[in-house]
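Visitor: Sharing a model prediction with you, sequence too.
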Amino acid sequence: MAPATVPCQYRTGKTLGSGTYAIVKEAVHIKTGKYYACKVINKKLMEGREYMVRNEIAVLKKVSKGYRNIVTLHDYFETAHNLYLCFDLCTGGELFDRICAKGNYYEEDAAALVRTIMGAVKYIHDCGIVHRDLKPENLLFRTKDEDADIMIADFGLSRVMDDEKFHLLTEICGTPGYMAPEIFKKTGHGKPVDVWAMGVITYFLLCGYTPFDRDSQQQEMEAIIAGDYHFEPQEYWANVSETAKDFVKECLTIDPRSRPTAAEALKHKWLASDSPYFVPDPDSPSGRPTNLLPHIQKAFDARKTFRKAVFSMIATKRMSLLASGAPQMHSFGQNIQKFKEESEKEQMNGDLHVMHYDSQESEDDLKKQDDVSKEQAEGEIPLVEQMAKLSV
């Protein structure tokens, strides 16, 4: 069914963020006054790659509104120039920023976060979806309230895994430090990559840095493939229980067939026990848990400074990669910024007409769209997805 052309129901406001191929604007629904985060994608950037957006929509339609810790896709429509996807507006900030803003942070807090996120991962997997880009930057709090829900966001690299026609994905995609060995090996991957990423996230939540952090992406990849990581330096890990370390080890099992499923990970005693695991604070006569925040913040701040210093170098290398590729990719790289600026200039309001999609679009249509994405994934998708991994 063709989309209906109707007056736009939203008014866009300030720009909230920018990624490789999209910007995110604040948007308010004109009739209800409710605010959303609106992902704006210039159609010129997506020519020949429309399946990437269709795939994200297909995935989100399967998981949206089904679980409180997964961001919801509320609406999507297009103008002559742009595609618009309206999501929950998560105002509580990113996971690690929230942790660093706290006065204290204990192993029990880390376990509670991992338990909640792993529960959402289990739900995604039960829906037949693999996320493929789980990382702290894609874990957002719904509001600034202390008890706000943490949300899994950004399903741009997710895929529908058809259990009846079981297949493994082979393209390289994701964010390098969180990618599982089988992705780099191109031996085929599926839902276990999300459990691996949860192992990396858990390690990060306990010390403030990632297990495979190296001076170059090549060294990082080699460390991941070899499973070469340690609970070091000792001063950072002396305050973390052996049970927590065991949970990380289980998730970071090199062989995906031996790695626990999300459901099995939730049964690990670090997450399932009624009594929290912790190392007592040696300076506390009452044996209270040790505050992990000082070491975590120190490690995180040091790494953030380093990352900022090398960011421009990485961006330059990425553009060089594009320039050395096919002519169409060279053109694509040159025009990214221009197209994003064009997207940002378009202002949505009730006077502008848009092509609005039926929110009850049939599952058959979505299945067809996903089949197209699988076919085209065998072509140019690896480079495109490596760029998309940094998208908002």
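Guide: Done, it's in.

Visitor: T15 in helix, strand or coil?
Guide: Secondary structure state of T15, per DSSP: H, G, I helix; E, B strand; the rest coil, is strand.

Visitor: Show the contacting residues for it.
Guide: By Cβ atoms under 8 Å, 6 or more residues apart in numbering, T15 lies in contact with I23, V24, K25, E26, E344. For glycine as for every other residue, the C-beta is placed from the backbone atoms N, C-alpha and C.

Visitor: Filter those down to the ones in helices?
Guide: For those, membership in helices holds for E344, with DSSP state H as the criterion.

Visitor: Columns distance to D109 on top of the contacts of T15, output as TSV?
Guide: Output for the contacts of T15, formatted as TSV (distance: Cβ to Cβ, whole Å):
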residue	distance to D109
I23	33
V24	28
K25	33
E26	30
E344	38
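
Visitor: Pick the one among the contacts of T15 closest to P136.
Guide: V24 (17.8 Å; Cβ to Cβ).

Visitor: related to what we said a few turns ago, with the contacts of T15 in mind, which one is nearest to V59?
Guide: Nearest member of the contacts of T15 to V59, counting by Cβ to Cβ, is V24, at 17.9 Å.

Visitor: Let me see the contact set for that closest one.
Guide: T15, L16, G17, S18, A37, C38, K39, V40, V392.

Visitor: circling back to that earlier point, for A272, state which of the contacts of T15 is nearest.
Guide: V24 (36.6 Å).

Visitor: I'd like the distance between that closest one and D301.
Guide: Noted for V24: a distance of 26 Å to D301, by Cβ to Cβ, to the nearest Å.

Visitor: thought P289 was touching Y277?
Guide: No. P289 is beyond contact range of Y277, at 9.2 Å (criterion: Cβ atoms under 8 Å).

Visitor: what residues do those two have in common as contacts?
Guide: Common neighbours of P289 and Y277 (Cβ under 8 Å, 6+ apart) are E107, E108.

Visitor: Tell me where the stretch 101-250 of the chain is predicted with low confidence.
Guide: 162-167 (pLDDT under 70).

Visitor: now the strands for it?
Guide: For the stretch 101-250 of the chain, strands defined by DSSP state E, counting those that start in this stretch occupy the ranges 129-130, 139-141, 150-152, 159-160.

Visitor: And the second one, how far out from the chain middle?
Guide: Relative to the mean C-alpha coordinate of its chain, strand 139-141 is positioned 10 Å out (Cα atoms, centre = their mean, to the nearest Å).

Visitor: And for the third one?
Guide: For strand 150-152, the distance from its own C-alpha centre to the chain's C-alpha centre is 10 Å (Cα atoms, centre = their mean).

Visitor: From here on, call the first residue 24.
Guide: Let's use 24 as the start, then, which means that last one is strand 173-175.

Visitor: Which residues does that strand contact?
Guide: Counting by Cβ under 8 Å, 6+ apart, 92-94, 111, 113, 118, 136, 139-140, 143-144, 147, 154, 157, 161-165 sit against strand 173-175.

Visitor: quick one: which of the contacts of T38 is nearest to Q257?
Guide: The closest of the contacts of T38, once distances to Q257 are taken by Cβ to Cβ, is V47, at 41.0 Å.

Visitor: For the closest one, give the beta-bridge partners.
Guide: G40, K62 (DSSP bridges).

Visitor: now it: how far from A171?
Guide: Distance check for V47 against A171: by Cβ to Cβ, it reads 19 Å.
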